[in-house]
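Participant: How does the following fold in three dimensions:
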Amino acid sequence: MGLFDFLKKKPAMPATLEEGMASQAEDFVGAFSQPGAPIDGSRLDYTSASLPLVDRVLDDFFKQQAPLPDDLHFLASAYVFEVARREFGGRYLRGDEDNPFVLVIGQGDSQVGVCVMGKVRGRATNGPEDDLGFFYAGIAPAVARGVSATII
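Facilitator: From the prediction side, this is the model:
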């Protein structure tokens, strides 16, 4: 170890789950912003209209019957989470094995838990029956009703 090694910057850990998820979503966009990427990363604009692009990436794994790599699973999930958080607000909480993180929108008796990670894995495994657009479309009505619900 050199004398000045302590001066080298270590990558900072995100201060919050929200910062960490936002950073992972940015990495997803970056991964598809390279020349020759299977989708146009410039169209990943954190709107619900960009979710079919994510669907297309996951559909490639379904069509090839290939396992979704854990890192891509997490990056794609983070992107979908951040699309929802930018539209509806919310905070991330730890979840269970199928959904290690959950976006919780709302307060008190009107909290909607959005379980993206299981859906992203399901889209790559089960194909179009786990369409992300259909899944995402279920969030707004649940939030608008002001009830407690879980979107899986």
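
Participant: Can you verify my assumption that residue 33 contacts residue 42?
Facilitator: Yes - with contacts counted by Cβ atoms under 8 Å, residue 33 reaches residue 42, the gap being 6.6 Å. Heads up, the C-betas are built off the backbone N, CA and C, glycines and all.

Participant: Any stretches of this protein with poor pLDDT?
Facilitator: Regions of the chain meeting the criterion pLDDT under 70 cover residues 1-12.

Participant: mind listing the strands for it?
Facilitator: 91-94, 101-105, 112-114, 149-151 (DSSP state E).

Participant: Would you mind giving these as CSV with mean neighbour count and distance to residue 132 added?
Facilitator: Putting these into CSV (neighbours: other Cβ atoms under 10 Å; distance: least, Cβ to Cβ, whole Å) gives the following:
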stretch, mean neighbour count, distance to residue 132
strand 91-94, 13, 18
strand 101-105, 21, 14
strand 112-114, 24, 12
strand 149-151, 18, 12
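
Participant: And residue 33 and residue 42? Which one has more around it.
Facilitator: Per other Cβ atoms under 10 Å, whichever of residue 33 and residue 42 has more neighbours is residue 33, with 14 against 10.

Participant: Can you give me the distance of that one to residue 74?
Facilitator: Separation of residue 33 from residue 74 (Cβ to Cβ, to the nearest Å) stands at 18 Å.

Participant: got it, and residue 151?
Facilitator: Taken as Cβ to Cβ, the span from residue 151 to residue 74 is 19 Å.

Participant: With residue 60 instead?
Facilitator: Counting by Cβ to Cβ - residue 60 and residue 74 are separated by 17 Å.

Participant: out of these two, which sits in the busier spot?
Facilitator: Between residue 60 and residue 74, counted using other Cβ under 10 Å, the more crowded position is residue 74 (19 against 13).

Participant: Show the contacting residues for the more buried one.
Facilitator: 24, 117 (Cβ atoms under 8 Å, 6 or more residues apart in numbering).

Participant: same thing with residue 45?
Facilitator: Contacts of residue 45 (Cβ under 8 Å, 6+ apart): none.

Participant: What separation do you get for it and residue 25?
Facilitator: 12 Å.

Participant: quick check: longest helix of this structure.
Facilitator: helix 70-88 (DSSP state H).

Participant: what is the orientation angle of that helix with strand 101-105?
Facilitator: Helix 70-88 runs at 0 degrees relative to strand 101-105, counting by axes from the mean of the first three to the mean of the last three Cα atoms, to 10 degrees.
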